[in-house]
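1. mind folding the following:
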Amino acid sequence: MQNENYKIILNLIMNITTRIKLSFMMFLEFFIWGAWFVTLGTFLNINLNATGLESANVFSTQSFGAIIAPFIIGLIADRYFNAEKILGVLHLLGAFLMYQMYSASNVSVFYPYVLAYMIAYMPTLALVNSVSFRQMDNPEKEFSSIRVWGTIGWIIAGLVISYLFHWDSGDSLKGGALKNTFLMAGIASLVLGLYSFILPKTPPIAREAGEKSSISEILGLDALKLLNKKDFLIFFISAILICIPLAFYYQNANPFLSDIGLPNPTGKMAIGQISEALFLLLLPVFFSRFGFKKTILFGMLAWAIRYALFAYGNANELSFMLIIGIALHGICYDFFFVSGQIYTDARAGEKYKSSAQGLVTLATYGVGMLIGFWVAGFITEYYKEAGVSNFWQSVWIVPASIAAVIFVLFLAFFKEGKKETSPL
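-> Have a look, this model is predicted:
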């Protein structure tokens with residue numbers, strides 16, 4: 001009896017230890033991303049004097065990383081090496097690349113390092129999930145309590161930049177202090193790189209089961225058959241198009257808030273991540289009450305409203321409009337992208353579930369964001385060269401209009417079947 005109790009206590013301690021390890025892994029993974037990516041647009045403008053199109057090229061490296069990531073995960077991680085070891089190697093490489101980005105003096109020097117970094121970093125988003133899932137008996141119930149530490153990490157990074165070091169405002173911003181974000185991210189990447197080697201062992205599933213995946217399965221190309229279904233085709237096209245407004249936010253939000261003089265802009269943008277976590281909890285309620293179509297329409301409408309608030313708000317008496325616009329991030333992201341992942345899973349069927357998710361990810365974060373960053377860069381540069389007096393208002397009206405048009409088209413052409421109304 002004592003031995004049984006001892007085993008139960010030992011297993012409990014091991015489970016708690018594993019959860020702590022996974023939670024810290026998630027915290028560092030997204031702390032690293034939030035530590036430099038949020039302020040990247042402002043850094044490019046202030047420190048490197050980048051043009052709108054040069055900034056677009058830099059941001060597009062995220063899309064190239066998303067496109068290449070399935071090859072790294074599917075052809076290497078799933079077949080030959082433990083996931084935690086690849087995670088460690090990629091983050092150690094990332095630490096070196098971050099230091100090179102910190103040392104870069106112009107965009108031409110900076111670009112190859114950020115491209116290499118994104119190719120190394122984007123696969124780690126899938127690797128941390130793989131390491132987590134393999135340690136869980138019931139991922140559906142257990143994963144959210146681990147993943148939330150990633151959101152906390154992103155929030156903490158923004159708060160550190162704005163309220164601890166004040167790198168993103170006042171004399172610090174003008175003095176080029178934002179370059180320190182890369183040093184901070186690099187140190188965190190070094191820590192996670194070394195830490196990864198003490199994470200629970202996660203050998204390749206394919207090697208254990210003796211299974212092999214084709215390149216078409218890895219990239220989600222087997223799921224192209226789903227595009228024969230009109231409803232999925234309309235959703236698929238809408239998902240690519242809605243990435244254009246999303247790219248405007250990633251590329252221009254922080255430079256906009258900094259330029260108009262909103263205090264501690266990076267810290268305030270963390271409100272968006274808090275909102276994302278809260279609305280993720282509300283998503284099942286919307287699904288069960290309104291169904292997929294209305295839920296995703298809420299997300300599209302939120303994009304249009306957010307950018308209208310950005311267009312007509314200011315850093316003074318109308319600053320509340322900017323804060324509301326930031327807080328809408330939860331609806332914008334969760335109600336479209338997360339609900340879209342759930343819808344894709346429901347429509348794909350058992351045979352194409354993984355392929356369909358890979359296809360949608362490739363189309364959105366790969367192709368969609370690539371188009372979006374280019375459009376955002378072109379519009380920003382166009383209005384800057386035109387010398388319009390209401391520069392930022394003109395910029396934000398464009399994604400607001402695009403989101404409104406996508407909303408109308410989706411409302412008119414998407415027909416929801418009964419079985420897709422509540423996939424949760």
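2. can you give me how far stretch 276-291 is from the chain middle?
-> Stretch 276-291 has its average C-alpha position 19 Å from the chain's average C-alpha position, going by CA atoms, centre = their mean, to the nearest Å.
3. show the average pLDDT along that stretch.
-> The average of the pLDDT scores along stretch 276-291 is 83.
4. just the CA atoms of that stretch, as PDB, please.
-> Taking only C-alpha atoms (Å, rounded to 0.1, in the frame of the first residue of the first chain), the coordinates of stretch 276-291 have been written out as PDB:
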ATOM      1  CA  GLU A 276      -7.100  37.200 -27.700                       C
ATOM      2  CA  ALA A 277      -6.900  35.000 -24.600                       C
ATOM      3  CA  LEU A 278     -10.300  36.100 -23.300                       C
ATOM      4  CA  PHE A 279     -12.200  35.800 -26.600                       C
ATOM      5  CA  LEU A 280     -10.700  32.400 -27.200                       C
ATOM      6  CA  LEU A 281     -12.700  31.300 -24.100                       C
ATOM      7  CA  LEU A 282     -15.800  32.900 -25.600                       C
ATOM      8  CA  LEU A 283     -15.500  31.300 -29.000                       C
ATOM      9  CA  PRO A 284     -17.400  28.100 -28.100                       C
ATOM     10  CA  VAL A 285     -20.300  30.200 -26.900                       C
ATOM     11  CA  PHE A 286     -20.500  32.100 -30.200                       C
ATOM     12  CA  PHE A 287     -20.200  28.800 -32.200                       C
ATOM     13  CA  SER A 288     -23.000  27.100 -30.300                       C
ATOM     14  CA  ARG A 289     -25.300  30.200 -30.400                       C
ATOM     15  CA  PHE A 290     -24.600  31.700 -33.900                       C
ATOM     16  CA  GLY A 291     -22.800  29.000 -36.000                       C
END
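5. list the buried residues for the helix or strand encompassing A95?
-> Remark: A95 resides in helix 83-103, with elements defined by DSSP states H and E. For helix 83-103, a neighbour-count test (16 or more other CB atoms under 10 Å) marks 83-88, 90-102 as buried. For every residue, glycine as well, the C-beta is placed using N, CA and C.
6. stretch 272-286 too?
-> Within stretch 272-286, the residues that qualify as buried are G272, Q273, I274, S275, E276, A277, F279, L280, L283, F286, counting by 16+ other CB under 10 Å.
7. list the contacts of the fourth one.
-> Neighbouring residues of S275 by CB atoms under 8 Å, 6 or more residues apart in numbering: I326, A327, L328, H329, G330, I331.
8. the fifth one touches L283, doesn't it?
-> What it means is G330. No: counting by CB atoms under 8 Å, G330 sits too far from L283 to count as a contact (9.4 Å).
9. which residues of the stretch 201-350 of the chain score low on pLDDT?
-> Per-residue confidence for the stretch 201-350 of the chain (pLDDT under 70) gives these ranges: 205-222, 349-350.
10. how about the buried residues of stretch 272-286, which pair is most distant?
-> Maximum pairwise distance in the buried residues of stretch 272-286, criterion CB to CB, is 19.5 Å, between Q273 and F286.
11. for stretch 196-203, buried residues please.
-> Residues S196, L199, P200, T202 are the ones in stretch 196-203 that count as buried (16+ other CB under 10 Å).
12. what sits against the second one?
-> Counting by CB under 8 Å, 6+ apart, L199 touches K21, L22, M25, E84, L87, V131.
13. now swap in the first one and tell me
-> S196 makes contact with M25, E84, K85, L87, G88, H91, according to CB under 8 Å, 6+ apart.
14. distance check, it against F27.
-> S196 is 13 Å from F27, where distance means CB to CB, to the nearest Å.
15. so Y80, which of the three states?
-> Assigned state for Y80: coil (three-state reduction, DSSP: H, G, I helix; E, B strand; the rest coil).
16. mind pulling up the pLDDT for it?
-> Note for Y80: predicted pLDDT of 75.
17. that one contacts P203, doesn't it?
-> No: using CB under 8 Å, Y80 and P203 do not qualify as a contacting pair, with a distance of 9.9 Å.
18. tell me the SS of the residue nearest to L227 when sequence neighbours are not counted?
-> Excluding its sequence neighbours, the residue lying closest to L227 (CB to CB, 6 or more residues apart in numbering) is L233, at 4.9 Å. When the structure is reduced to helix, strand and coil (three-state DSSP), L233 reads as helix.
19. L233 and S401, how far apart?
-> Distance, L233 to S401, by CB to CB: 24 Å.
20. OK, contacts around G186?
-> Listed by CB under 8 Å, 6+ apart, the contact partners of G186 are G94, A95, F96, M98, Y99, Y102.
21. could you work out the most separated pair of those residues?
-> Of all pairs drawn from the contacts of G186, the one with the largest separation by CB to CB is G94 and Y102; the distance is 12.3 Å.
22. got the contact list for N82?
-> By CB under 8 Å, 6+ apart, the contact list for N82 reads K201, T202, P203, P204.
23. okay, now the last one: neighbour count?
-> Same thing as P204. For P204, the tally of surrounding residues (other CB atoms under 10 Å) stands at 18.
24. so it makes contact with F81?
-> Yes: under the criterion of CB under 8 Å, P204 lies in contact with F81, with a separation of 7.0 Å.
25. domains in the protein, by residue range?
-> The chain is divided into the following domains under automatic domain parsing: 1-213, 217-424.
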